[in-house]
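Asks: Test case, fold it:
(chains A and B)
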Amino acid sequence: MKKLLLSSVVVLIGFTFIGRLSYLQLFRFSPDQILDDPAIKKVYDYPERGYIYDRDGKLLVGNQPAYDVMVIPREVKPLDTLEFCGLLGIEKAEFMSKMEKARIYSPRLPSVLVPQLSKEDYARLQEKMRHYTGFYIQKRSLRYYNTKSAANVLGYISEVNEWDLKNNPYYVAGELKGTTGIEQQYEEILRGRKGVKHIQKDRFNRDIGPYKEGKLDTLPEQGKEIHITLDKVLQEYGEKLMHGKRGGIVAIEPKSGEILAMISGPTYDPSLLVGRKRSRNYSKLHYDTISKPTWDRSILAQQSPGSPFKILNALVGLQEGVVDANTKFKCYHGFYVGNTLRGCHCGGGARDLNPGIYKSCNAYFAGVFRKIFDKYETTDEGMDVWEKHMKSFGLGNFLGTDLPTGAPGRIPDKAFYDKWYGDGRWAASTIISNSIGQGEIAATPLQLANMTAAIANRGYFYTPHVIKSVGNNGTIDPKFTEPRYTTIDRKHFDPVIEGMRNVYHYGTARWVTVPDIEIAGKTGTVENFIRVDGERMQLTDHSVFVAFAPVDNPQIALAVYIENGYYGSRYAGHIASLLIEKYLKGEITRKDLEKRMLEKTLEHEYAKPYSGEPFKINEYVW
Amino acid sequence: MFGKGLFGRLDWVTVILYALLVFIGWINIYSTSVEETHTSIFDFSTLYGKQIFFIGLATLGIIFVLFVESHFFERFASIFYIVSIVLLLGVFLFGKTIAGATSWYDLGFFNFQPSELAKVSTSLALAKFLSDIQTDIRTGKHQLYALIIILLPAVLILPQPDPGSSLIYFSLFFVLFREGFPIYYLGILIFAVVLFATTLMFGTVWVTIALIILTLLFYTFKKASVKIPILPVVGVIVISILFSLSVNFVFENVFEQRHRDRFALWLSLEKDEGKLDEIRKTIGYNTYQSEKAIESGGFTGKGFLEGTRTKGDFVPEQHTDYIFSSVGEEWGFLGTTTVILLFSLFFLRLIYIAERQKSDFSRMYGYGVISILVFHYFINVGMVIGLLPTIGVPLPFFSYGGSGLIFFTMLLFVFLKLDSNRLKDGI
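Replies: Next up is the predicted model:
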């Protein structure tokens, strides 16, 4: 016993130790320790973010340097505080409190003393910097905007949030990431890939050299430049025309589906969301819940399309063979649903297709709509056919653009009405409003522009997109170069387009023609209501216009939607004609009209429902 | 006896194990102290360079010890002991203070720590006393003498303050146990430690209740034929309760806050997570960092000179007391178990050698050597891997330090010298 005591103790100790070591090194060990190893710091080398150019190679977004003044409190030597504050452009008290903050954060690690110096301050400071030990200047890169427009398309970059960090291991807290628009959609192309250096640290967090001689380090990969389809000139011009107006404008090149302009009013200068003033400006924009400048109306506002939608009903009627170009419907300054007369402003009389379109006759299209449904035994069948045709124009669903937001709009189907009215309790006459673009259908300006492009192409369209090319490589996602065919045969388009052309000659837009350019268009005037404090009130009609030009070789198809602009040609028609002229001719010949459109605002209309006073709608007040 | 036979009679297994431990130790000291700009391993301005110098000194010591006549150690044991005690006393007057402890003499090129020398001389003195033909360890008087020999240096070292070294002398009880000191004393000691820990953890009331329940259970289930008088048992319980009460008193009034914190951490006494965290970051910082470093080594380790926490100096005192954490980080589980196995083999071999001694003195001295080494090893590794509270003792042959290495070596080689002479002793 006594001879074995010490040996047993030795063996027992050995087992205990090995047991504990197994627990520590085998059980508790995890291979990704390097991630939380306090001894290894990852230092990132960020490549420059890619530039963004417009369709003609004009710079839209670049980068600008910004200079942060950094401090390592421990290394600071006594200095002429007053002179230094003068150079930095801050008060002494502020300087002292910032120094104290930095010291509390860490005496050994750098802190930002003054963020984002202007170039002038930097230039002054740079020469004197060597007098101030413990301070240095760190260069950072910020976005620079070469335009005051297209904020809604370009988007902005901001610090990654919790969600990004959890879902994308690439990002580290504090990094920047495209948050909306193109910056978000083409984030990976624009940002490139950051390089990583692993630095071995000691317990005071000081660098003591590269970890494993840099074997794990990577070099940064440059961000690529991209060209987008926007036309800088057209976009900027359109935004000027939108001054004081709410609504959306989208212009598309029909033969490619490229979006030439995408305007949302009101909008903001993209430079507001850069640098030191970003967060204050963002709050201001974000909390404007009435005019919603950050809400991109061009692709998010889903509203009744109004009369432009009549064109589609005509096309469906022709395709289904229920009418031809000469089929006439009688207009009694309106049409009857049961015993109720629904009004029409076309002037009355027997209308066939051509005047039906250019006079925008409600009775004609109600008749066509009924005939489509009459062709089929049941309303349900008719509804399915109608829905299929409508959806083939890219309505009622997301278009699949390369923008991170969007709205589907709405093409109602039989399930929708079964739910609303009950199965078998509705018929074509119940939903007759859809024939004239009111009713339950809804579309975004982008969808209307795309629909117009499909008409301009006589039966097909390309998925609208904003990407033109990436880097030196011209190819883009093949889904943007494949035509999407509508369910309407090519031959049916000619009579309809003739009607749209006549809109300018004899119809609702005969006051807004553009010299020397043949345009096909369609006006729209959309009744609309809002609720304020639970009370439903009707507001001045929305002014809507779709058009493409030139008729025989369409270069541009657009939709203009001006909220509360009253009848179609009043605002939307004028703006559309100016944009077409600008795009096709490069300059405006009708200077008076241009001046009027640039100056007129609709603020008085937007103020009406919030004034608390009774107000009149649809006034002819200029 | 100085003849050609010496190297033949030396126990080479032990010598090789010793050399391996010193070598592995040096490798790790190198790893903890090497700089990017290092020049030569013989650069004496570096820790690893100095350690090579100490290894050289130790080798000189070995040669000296091997060429001294065996009986010299036995004959002069008492003198050594007295000299050591004088040196320990002298440290209070002439000592040099390093890291708050006045434990060193400044010899210019070298800081000499007399408590290291005293380990050798106390082992020798104890062996000498016990092996004396007139000593009978079973008598209370001689037990007391033995205790005095052991505890005198411990008491002198304690106020330096160096509680770690002081504690080491208690390891010499193993010598007593081997030589017939009643083993139930060990039982009492263990019982006292258990009482101490449980009182801190659960409080006197629960300890008392547990004691009474255990006693009742014992009486209920013991064989009827076994008669155990009630009175002594009650006496034991009363003494235990008094001890338990005194634990609280000592803990609250004699211990300093840092000691209390160490126990709080070790026995998980502190329930408040916030405070526990605070303790971990202050008093438990070393242990926390060392455990983390060992843990991060995993099975195979990060490789020689690749230990990120070692390089970053995250573990304080890593080249001395925490050297084992460097093994853990850079060589992993394979490395740590290898070192544990080497130490275990080394000790078992020494025990085997001790048992084969014909001379009582040699055997007793051998046991002294083994006990001291095992105790260092147990406390040091136990602390580094987080099993024991922080007690500053070096890992024999491994830790950086001249006094340690040289006196551990002397301690060992005096024994090997005695062993090489064992065949002559019996005559």
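Asks: distance of A:V323 from A:G367?
Replies: Computed as CB to CB, to the nearest Å, the A:V323 to A:G367 distance reads 8 Å. C-betas here are computed from N, CA, C, even on glycine.
Asks: More neighbours: which of these two?
Replies: A:G367 (24 against 21; other CB atoms under 10 Å in any protein chain shown).
Asks: What is the burial count for the residue in the stretch 451-600 of chain A positioned nearest to chain B?
Replies: Chain B sits closest to A:G471 of the stretch 451-600 of chain A, with a gap of 38.6 Å, by CB to the nearest CB. For A:G471, the count of nearby residues is 13 (other CB under 10 Å).
Asks: and if you look at B:V65?
Replies: Other residues within reach of B:V65, judged by other CB under 10 Å, total 20.
Asks: B:V194 now?
Replies: Other residues close to B:V194 by other CB under 10 Å number 11.
Asks: Tell me how far it lies from chain A.
Replies: Distance, B:V194 to chain A, by CB to the nearest CB, to the nearest Å: 16 Å.
Asks: can you tell me the helix or strand for that residue?
Replies: Assigned by DSSP states H and E, B:V194 belongs to helix B:184-202.
Asks: C-terminal to that helix, what's the next element?
Replies: helix B:204-221.
Asks: Show me what that following helix packs onto, helices and strands only.
Replies: Here helix B:204-221 touches helix B:184-202, helix B:230-249, going by 3 or more CB pairs under 8 Å, 6 or more residues apart in numbering or on different chains; DSSP states H and E.
Asks: Centroid-nearest residue for chain B?
Replies: Centroid-nearest residue in chain B, with CA atoms, centre = their mean: B:H376, separated by 2.3 Å.
Asks: how about B:L245, what does it touch?
Replies: B:L245 is in contact with B:T204, counting by CB atoms under 8 Å, 6 or more residues apart in numbering or on different chains.
Asks: Give the burial count for A:I530, as a bare number.
Replies: That count, for A:I530 with other CB under 10 Å as the rule, works out to 10.
Asks: Doesn't it belong to a strand?
Replies: Yes: assessed by DSSP: H, G, I helix; E, B strand; the rest coil, A:I530 belongs to a strand.
Asks: what residues are up against it?
Replies: A:536-537, A:539, A:609 are the contacts of A:I530 under CB under 8 Å, 6+ apart.
Asks: any chance of the residues you listed in CSV, with pLDDT too?
Replies: Listed next are these as CSV, based on pLDDT from 0 to 100:
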residue, pLDDT
A:R536, 85
A:M537, 86
A:L539, 90
A:P609, 83
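Asks: so what does the helix holding B:V194 touch, helix or strand wise?
Replies: Where contact means 3+ CB pairs under 8 Å, 6+ apart, helix B:184-202 is packed against helix B:173-178, helix B:204-221, helix B:230-249.
Asks: Could you export those helices as a markdown table, including mean pLDDT?
Replies: Formatted as a markdown table, the helices and strands packed on helix B:184-202 follow (pLDDT from 0 to 100):
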| stretch | mean pLDDT |
| --- | --- |
| helix B:173-178 | 87 |
| helix B:204-221 | 85 |
| helix B:230-249 | 83 |
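Asks: Can you tell me which of the ones you listed is most buried?
Replies: Compared across the helices and strands packed on helix B:184-202, helix B:173-178 shows the largest average neighbour count, a mean of 23 (mean count of other CB atoms under 10 Å in any protein chain shown).
Asks: about what we covered before: buried set for the helix holding B:V194?
Replies: Neighbour counts over helix B:184-202 (16 or more other CB atoms under 10 Å in any protein chain shown) mark B:195-196, B:198-200 as buried.
Asks: Give me the residues contacting it.
Replies: B:173, B:177, B:206-207, B:210, B:240, B:243-244, B:247-248, B:251, B:263, B:267-269.
Asks: what's the single longest strand in chain B?
Replies: The single longest strand within chain B, with elements called by DSSP state E, is strand B:101-106.
Asks: so what strands line up beside that one?
Replies: Its sheet considered, strand B:101-106 pairs with strand B:96-98 (antiparallel), strand B:111-112 (antiparallel) by DSSP bridges.
Asks: Of those, flag the one that's most buried.
Replies: Scoring the strands paired with strand B:101-106 by mean neighbour count under mean count of other CB under 10 Å gives strand B:111-112 as the most buried, with a mean of 16.
Asks: Quick check: next helix or strand after that one?
Replies: Strand B:111-112 is succeeded, C-terminally, by helix B:114-131 (DSSP H and E).
Asks: which stretches of the stretch 251-400 of chain B have low pLDDT?
Replies: Counting by pLDDT under 70, the ranges of the stretch 251-400 of chain B that qualify are B:254, B:258, B:268-271, B:280-281.
Asks: Chain A contacts on that one?
Replies: Proximity of the stretch 251-400 of chain B to chain A is confined to B:291, B:294-299, B:306, B:308-309, B:311-314, B:328, B:332-333, B:336-337, B:340-341, B:343-344, B:347-348, B:351, B:355, B:367, B:370-371, B:374, B:377-378, B:381-382, B:385-387 under the rule CB under 8 Å from any CB of the partner chain.
Asks: Please convert the buried members of those into ChimeraX selection syntax.
Replies: Typed into ChimeraX, the line below selects the buried ones among those, using 16+ other CB under 10 Å:
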select /B:291,294,295,296,297,298,308,309,311,312,313,314,328,332,333,336,337,340,343,344,347,348,351,367,370,371,374,377,378,381,382,385,386,387
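Asks: The residues of the stretch 251-400 of chain B next to chain A in helices, which ones?
Replies: B:291, B:294-297, B:308-309, B:311, B:328, B:332-333, B:336-337, B:340-341, B:343-344, B:347-348, B:351, B:355, B:367, B:370-371, B:374, B:377-378, B:381-382 (DSSP state H).
Asks: and residue 283, how many residues sit next to it?
Replies: Using chain A here. 10.
Asks: sorry, should have said chain B
Replies: For B:I283, the neighbour count with other CB under 10 Å is 20.
Asks: and the closest residue to it other than its chain neighbours, which of the three is it?
Replies: Once flanking residues are discounted, B:I283 sits nearest to B:D261: 4.3 Å by CB to CB, 6 or more residues apart in numbering or on different chains. Following three-state DSSP, B:D261 is assigned to helix.
Asks: pretty sure B:D261 is touching B:I279, no?
Replies: Yes: taking CB atoms under 8 Å as the definition, B:D261 is a contact partner of B:I279 at 5.1 Å.
Asks: what's the domain layout of chain B?
Replies: According to automatic domain parsing, chain B comprises the domains B:5-177+B:271-425, B:183-254.
Asks: Make JSON lines out of those and add distance to A:L579.
Replies: JSON lines is the format used below for the domains of chain B (distance: least, CB to CB, whole Å):
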{"stretch": "domain B:5-177+B:271-425", "distance to A:L579": "63"}
{"stretch": "domain B:183-254", "distance to A:L579": "83"}
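Asks: Give me whichever of those domains is most buried.
Replies: Stretch with highest mean neighbour count among the domains of chain B: domain B:5-177+B:271-425 (a mean of 19; mean count of other CB under 10 Å).
Asks: wait, what's in contact with residue 380?
Replies: You didn't say which chain, so I picked chain A. Counting by CB under 8 Å, 6+ apart, A:D380 touches A:K414.
Asks: wait, chain B
Replies: For B:N380, the contact set (CB under 8 Å, 6+ apart) comprises B:321, B:324, B:393-395, B:399.
Asks: mind putting the residues you listed in JSON lines, secondary structure included?
Replies: Shown next, in JSON lines, are these (three-state DSSP):
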{"residue": "B:D321", "secondary structure": "coil"}
{"residue": "B:F324", "secondary structure": "helix"}
{"residue": "B:V393", "secondary structure": "coil"}
{"residue": "B:P394", "secondary structure": "coil"}
{"residue": "B:L395", "secondary structure": "coil"}
{"residue": "B:S399", "secondary structure": "coil"}
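Asks: Those residues: which two are farthest apart?
Replies: Spanning the widest gap among the contacts of B:N380 are B:F324 and B:V393, at 12.1 Å by CB to CB.
Asks: contacting residues around the longest strand of chain B?
Replies: With CB under 8 Å, 6+ apart as the test, strand B:101-106 has contacts from B:87, B:90-92, B:94-98, B:111-115, B:157, B:160-162, B:165, B:403.
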